[in-house]
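J.: pasted the sequence and its predicted model underneath.
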Amino acid sequence: MTVDTQADVYAEITTVAPDPKGTARLARAYHRDVLRRLAPHVTAPERVPATGPHPRTVWAAGELRAGRPVDEACLADIRASLAPDGPGLPPLEHVTGVPGYPLWCRAALTDLREDMLRTAGVGTPEMTATAASEAVARVDEAAGVLRRVWPEAAVELGLLVRAVVYVGGGAFRSATLQRNYGAVFAGVDHLRTVPAAFEMLLHETGHHSLYLRNAFGSFVDNGDDLVSHALRPDPRPVSGTLHAAHVLARMAAGLHRWSSDPGAPEEVVRRRDDALERLRATTAVLRTAARWTGAGAEYFLNLLAWQRQLTETCVSDR
């Protein structure tokens, strides 16, 4: 995607906090770029929807770019999804794998299973259809809590995340993949409580928001260098460490907002404190490991300011 250095776009991509108007502007531009890759199979409307593209759209664009055919029924679904924005954000789609997973996410599930086998050392993770009704209910309840305690983050969720794909993968927690941008892959074994679902939504929407920012400008020049960080014990790229810091900042802030609610579960405070501790550890790694671009240096200063303010607020609340 062409990098836009206009002041408003620069300001949006270097912020840590969710900004619904800015996110909608970036999402529309990203959506327009995806639709260009689908031409001539899909014609972009005169006004592209502000919501991010459905993951099937991103997947189809990637398949066609790679020279692989895409089923006409899938293209018809994409065309139908390009109607003008309605009065509200589209409802979150729950993909439970019953009776089967759609084509657009099957390859991703295979990749996630292979990654688990390589990094987690688990026996045989079955990334397959599973009964997910309780997990779906918790995710819906968590989304409702987010709308109440952090409306801006809830709007960003609605703009960027179009589907949650539920899988039974044992040790698997959740993931966002660029090839299926717009989808969150969530392990039902780790959605046993509403706070866990709330944290997952913050975590994966955070990944989406940083991927979107980086479509307009890179933050590091050494993204492939390997380091260890607080979310993954095995060496990961600096780019992944930056993602970890971004999502931990979102998690800590969202959980803190909920913890201020009367009657908030004690689990929320525990998860908040854990996220904040890991955020501090991850930014410490980035201080020495990352080689920042101009936009990245500005973003990192904002991230450190966010971390300081959140730390001070959490300490004063104890």
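T.: Great, that's in hand.

J.: can you pull out the helices in the chain?
T.: Applying DSSP state H to the chain gives helices spanning 7-13, 20-38, 55-65, 72-80, 103-119, 133-149, 151-160, 194-214, 238-259, 266-289, 294-317.

J.: and the first one, what does it pack onto?
T.: Using 3 or more C-beta pairs under 8 Å, 6 or more residues apart in numbering; DSSP states H and E, the elements in contact with helix 7-13 are helix 20-38, helix 194-214, helix 294-317. From N, CA and C alone the C-beta is placed, and that goes for glycine too.

J.: deepest of those helices, which one?
T.: Between the helices and strands packed on helix 7-13, helix 194-214 has the highest mean count of neighbours, a mean of 24, where neighbours are mean count of other C-beta atoms under 10 Å.

J.: and the angle for that one with helix 238-259?
T.: 140 degrees (axes from the mean of the first three to the mean of the last three C-alpha atoms, to 10 degrees).

J.: show the contacting residues for the closest residue to residue 94 other than its chain neighbours.
T.: Spatial nearest neighbour of residue 94, chain neighbours left out: residue 136 (4.8 Å); criterion: C-beta to C-beta, 6 or more residues apart in numbering. By C-beta atoms under 8 Å, 6 or more residues apart in numbering, residue 136 lies in contact with 94, 96, 164, 166.

J.: which of the residues you listed fall in strands?
T.: Secondary structure assignment (DSSP state E) places 94, 164, 166 from the contacts of residue 136 within strands.

J.: now those as JSON lines including neighbour count and distance to residue 189?
T.: Below are the ones in strands among the contacts of residue 136 laid out as JSON lines (neighbours: other C-beta atoms under 10 Å; distance: C-beta to C-beta, whole Å):
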{"residue": "94", "neighbour count": "17", "distance to residue 189": "17"}
{"residue": "164", "neighbour count": "26", "distance to residue 189": "15"}
{"residue": "166", "neighbour count": "25", "distance to residue 189": "10"}
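
J.: of those, which is the nearest to residue 106?
T.: Nearest to residue 106 among the ones in strands among the contacts of residue 136: residue 166, at 14.3 Å, using C-beta to C-beta.

J.: residue 159 reaches residue 53, doesn't it?
T.: No. If you go by C-beta atoms under 8 Å, residue 159 and residue 53 don't touch, sitting 11.0 Å apart.

J.: of the helices and strands packed on helix 7-13, which is nearest residue 267?
T.: Residue 267 lies closest to helix 194-214 among the helices and strands packed on helix 7-13, at 4.5 Å (C-beta to C-beta).

J.: distance from the closest one to the middle of the chain?
T.: Put simply, helix 194-214 sits 4 Å off its chain's centre (C-alpha atoms, centre = their mean, to the nearest Å).

J.: let's see it as CSV, backbone CA atoms only.
T.: Output in CSV follows, covering the C-alpha atoms of helix 194-214 (Å, rounded to 0.1, in the frame of the first residue of the first chain):
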residue,chain,number,x,y,z
VAL,A,194,-15.9,-13.5,30.6
PRO,A,195,-12.6,-11.7,31.7
ALA,A,196,-10.7,-14.1,29.5
ALA,A,197,-12.9,-13.4,26.6
PHE,A,198,-12.6,-9.6,27.3
GLU,A,199,-8.8,-9.9,27.3
MET,A,200,-8.9,-11.9,24.1
LEU,A,201,-10.9,-9.2,22.3
LEU,A,202,-8.6,-6.5,23.4
HIS,A,203,-5.5,-8.6,22.5
GLU,A,204,-6.6,-9.5,18.9
THR,A,205,-8.2,-6.1,18.1
GLY,A,206,-4.9,-4.7,19.1
HIS,A,207,-3.1,-6.9,16.6
HIS,A,208,-5.5,-5.7,13.9
SER,A,209,-5.0,-2.1,14.7
LEU,A,210,-1.2,-2.3,14.5
TYR,A,211,-1.4,-4.3,11.3
LEU,A,212,-3.6,-1.5,9.9
ARG,A,213,-1.2,1.2,11.1
ASN,A,214,1.8,-0.6,9.5
